[in-house]
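[1] here's my sequence, what's the structure:
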Amino acid sequence: MPNEGAFEAEPNVIVEDPSLVETEEEPKAEEPIRDLPSDDSSPIEAAVQDRTGTAPAETPMEPEPPEIEPPGPSQEEPVCYHEGGEQFAEDVESHMAVLPEVATTTEKVTIEHIQVDNPEDNSPEEIERLRQIIWKRCHLLMGKGNALPPAARGVVCDIDVGGATPVAQRCRRVAPQFREKLSDLIKGLLSAKMISPSTSPWASPIVIIIKKNGVDIQLCIDYRVVNGLTQLMVYPMPLINDLLEDLDKVLWYCSLDMVSGFWVVSMTERARLISAFITPFGLFEWNRMPFGLKNAPQIYQRLIDNALYGYLKISADVSNDSEPRDVFLTGEAETEQKSSVLGRRSYIDDILVTADSWDALCNKVDRLLEVCDKWNLSISVVKSFWGLRKVDYLGHQVSMDGLEAHPKDLQALADLPFPSTLRAMQSFLGSLNYYSRFIEDFAIYASVLYELRESDFHEITRKKPEESVIEKANRDDRKEAPAGEDRWTRAERAFAVLKTKIAATPVLRHFDPDRPPVVVVYASKWAVSAALMQEHHGVYWPVNFTSRTLKSNEINYGIVDKEVLALLRILEVCYTLLVTRKIKVLTRYSTLGWLMQSKGFHGRLGRWTALLSPWTLEIVKCTKGEDEILGTLAATITPRAKVDEALIDIAPQKQPRQVIAMPPPTVEPEEKLLVVSFDGSARVKRGGGAYSAIVWQLPRWKVVFAASEYMAELTVNEAEYRGMMLCLDLVAPLDRGRLIICGDSNLVIRQMRGEIECKAPGLKLLRSKAMEKLRSWPDHEFLHMKRDLNQSADKLAGAALQRGDGEVVTSEEDKLDLIALNRLDELLIPKSVDSVAHVAAVTRSTRRRRVSPEVLQEEIVQRTRSERILQAQNEERWIVDLKAYLKGEVGNLSSDEAKNCAKVADDYEVDELDLLFYCPVAAQTDEERDLVARLVVPETLQHDFLHHYHTSLEGGHRGIGRTYHRIRAHFHWRGLYRSVQRYVGECVDCETGKGRPVAQGESPGNVQATYPFQMIAMDHIPSLPKSFKGNTELLIWVDLFSGYVIAKASASRTAQTVAENYEECVFRRFGASEVIRHDREPGFMSDFFRAFNRIVGQKQRVLWRTGHKPTVLLKEWCRRSRDR
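    Next up, the predicted model:
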């Protein structure tokens, strides 16, 4: 059962006070004594005084022994434990086996005890019919009392502790006034045959719990040691929300409670020995499964589930055998194919029977009693209610009208004062969290209470205000709280609001699948909330509430982003109710609808769009009329405007995450200090990583230490951290002064500064070690730099990674190489620009002289260009030889040079400025030759001409053809077209900035992938600079579901090469894709590639480049990003 009694103002306290117990005999000297660590809990006096208002009498406490680790499983002898200290009941509640006051008999059950009386809703005949069905199996009914019920069939409790050594804990002392009560309890358990004397090597101690009246006691067994050694039984326990669903068509209910719960399960011989507990009156063991054992809920839940759904049956040998046996070990399946008894699960021993008619209810009750008789499960008549319109179930009231919160002690909650300890506050919030679905904006109001810590509660004990803050909060004339208001004021206001809300929780309607769901989202500066509702008779009634506060980085989001967070929250919480349904979303802003209609988002908006894409959403902006419906007719929904006002007084101290730009450290020219630089690198596929560190001494930039190390298993970030730690190890023996730590890892530098949070467990450990080393350097600074400026450390790390081993740089030659690569001075030493202006005395004329500005003549520009081209031509050998041949100066030419010049001499001429021109022989007359004469550009100037006619503002990044014709009109060099083609193909701006294609072809549609690598897109980047392996192409595959990109360098893009690369990069790792999308490249359409697709069962689809399709844009965007 859930903890419904958490609202009690006076908790039970576990007392282990020496004044209440008496000393037992000390253990033998040869027995090893081990002490368990006691709970780190608050003192009993503080807890009792806080919750009851009275403090117990002061009693001396015995000192706790030092903590010693328990023995390992390899030891053979029993191990004795002794535990002391103070504890609270809630600390060990789940590890306690209660020793109840057991009676030998129960009250005799009559047919009148069956609680079916409901004359307002049922006729006498209907009531009598149901009673007769129940009374037909009256042997299953048990009256008032704690008598031991008969054991259930086909199930036993076993405790598996593996090979653990038996643990015998010492007996705890009992005060004289409680000994007689303890003796009576043990006698009752022995007479009821629930326990029996034991000789087990195991022993768990008993714990005395004083009841509220201060006189009576309750005994429990502390099974924490046994539960710590027990192997966990994996079995799914039901969720409360799942048990409260699917009740929209129900008219009749039965709420049943099984007798004594776990006590109906017998124990195996091994479990009896392990469950043994020690008292001052001897050692006893359980015959039935007690409360508090680790796997007890799972064992009982499995029994009830199997009885209701009929998976396994009780075989004849199990039912006739005197020794209890477990059907879950025999595994004999039920052969009869019957439907489940109730169509729903139970929560341990609480069973809810639902029906839409009285006849259906009678049939279900009959079938339920039949399976209870089969498995020998008894039902409590006192705690069971049959055939009612409204019943209590799991702390709720369930009826055809809806679901109501029904705490166990609502009056104690209303009178509960503000808790003065963190433990009491956590108990209060935990109880309210159980009913969070009923409390609108629960997380918003509780956020300020969740932020309180133990140290904060000391403030409220010192403050004794003249007037209660809660009374101030309830004034009618309350105004907005000041920005710096005390946090306790906001906490007590939120506490008062939450008590009011839990006392007046609304009735939540059952979700009706036949009605369209409506979601109302709300977002404020620091919190979001959402409500699932459905319309009933023109009014929106709530079905579920959910809310949460925003994280520090989410506070910076815009209002539309916060509304998306609220929408995602309600879709996650109510997924089983809303999946496959059309949902109407009411918002206060229309931007959410814009988000759902827009395409091409990236970042978090792109992720959210992908998460919302499977849902059918209708985004509607709330009009004034709808807001009035939400606020007045459905009174359980608070108008959003009033929520904004209420949140002003309880807003927690949440601040958005701010990144403070820290100025980079600087160094004076002659300042003496130490500078360290580090770097790290790692292999992704083959594994292994290396890191390096260099210690520089300023102002001479002398290399003091330089070293690198290699490790087999390292990530890049771990290598960077270890490089920084190596720096700190190298500077450890040096004098403590100013230290500047330089690195090119933005993650490491910012995490060390505290600008971003370190979440990875491995990096957290490395960061803590680095912070420990930095404590000895109080004057230290961090500097992040680009990788180009960290070439010295990068060289050391790269060499160590390539070599697979680290090194320590000792030779002066290697140190000089590091100094030559060092560029840290460009960042650390500021550049001083001392410009001195010389001002001369001038005499101003009384008459203004108009001087015309100098006009740069076109002839001067042409002369300057001609001189530059002439100088470049005279530096190129073949042009010099050709001009000498045309002038008749062939004396200095060899025969081969003269022959080569004679072959092309007819197409060239030299002008009066000694410039070489290209004049094709196609023009016959001299005038025509002058018109088509083109200046010959030497090789050293060709790049400048290409830049001018293509890249510059005048060039405008025209294509290959236009750029070629513009150059060809005035200039000439050998291989002009190939030069233009190569230059334009290597232009980064052209490759990454292509516009929308003008040729529109038929598109196959925007096919949507439904799982990773179902559809992939292919493209390539051609004409890249040749790598040292000879690769000039880059093949790209993009997963259209996740956007995952794979790139592979290649020497060509033939069908054979593309097929091999696809098989290596995609097919081997992710399997065959259903569809491959491409833009009809010749290599992709080859016969071999189509044959390869047929082998793996893929389809090939031709895709024209239609820029309006998101899948095409995704592929192009990935390709262009890779180009950049």
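[2] isn't Arg172 right up against Ser204?
    No. Between Arg172 and Ser204 there is no contact under Cβ atoms under 8 Å: 10.3 Å. C-beta coordinates here come from the backbone N, C-alpha and C atoms, glycine included.
[3] these two: which is more packed in?
    For Arg172 versus Ser204, the count of surrounding residues by other Cβ atoms under 10 Å is larger for Ser204: 24 against 19.
[4] that one - nearest residue in space that isn't next to it in sequence?
    On the basis of Cβ to Cβ, 6 or more residues apart in numbering, the spatially nearest residue to Ser204 that is not a chain neighbour turns out to be Phe277, at 4.7 Å.
[5] please name the bridge partners of that neighbour.
    When bridges are assigned using DSSP bridges, the partners listed for Phe277 are Ser204, Phe284.
[6] any idea how far Lys187 is from it?
    Plainly put, Phe277 is 15 Å away from Lys187 if you go by Cβ to Cβ, to the nearest Å.
[7] before we move on, the earlier item: my read is that the residue nearest to Ser204 contacts Ile221, right?
    Yes. Judged on Cβ under 8 Å, Phe277 makes contact with Ile221 at a distance of 4.5 Å.
[8] mind listing the helices for the stretch 501-650 of the chain?
    Listed in chain order, the helices of the stretch 501-650 of the chain (DSSP state H, counting those that start in this stretch) span 559-573, 575-578, 591-597, 603-612, 624-628, 640-647.
[9] assign Ala1059 to helix, strand or coil.
    Under the three-state scheme (DSSP: H, G, I helix; E, B strand; the rest coil), the conformation of Ala1059 reads as helix.
[10] so how many other residues sit close to the spatially closest residue to it that is not a sequence neighbour?
    On the basis of Cβ to Cβ, 6+ apart, the spatially nearest residue to Ala1059 that is not a chain neighbour turns out to be Phe1092, at 4.9 Å. Residues within reach of Phe1092, counting by other Cβ under 10 Å, total 20.
[11] which pLDDT value does the model give Phe1092?
    Confidence per residue is given as pLDDT, and for Phe1092 that number is 72.
[12] now name the helix or strand holding it.
    Applying DSSP states H and E as the criterion places Phe1092 in helix 1087-1096.
[13] quick check: buried residues in the host helix or strand of Glu720?
    Secondary structure from DSSP H and E places Glu720 in helix 716-730. Of the residues in helix 716-730, those scored as buried under the neighbour-count criterion (16 or more other Cβ atoms under 10 Å) are 716-728, 730.
[14] any idea how this protein splits into domains?
    Using automatic domain parsing, the domains assigned to the chain come out as 4-106+158-229, 112-145+235-267+294-399, 417-658, 673-807, 861-991, 1011-1123.
[15] among those domains, which is nearest Pro665?
    Checking the domains of the chain against Pro665 by Cβ to Cβ gives domain 673-807 as the closest, at 4.2 Å.
[16] next one: that closest one to chain centre, how far?
    Centroid separation between domain 673-807 and its chain, computed with Cα atoms, centre = their mean, to the nearest Å, is 29 Å.
[17] what average pLDDT does it get?
    Rounded to a whole number, the mean pLDDT of domain 673-807 is 89.
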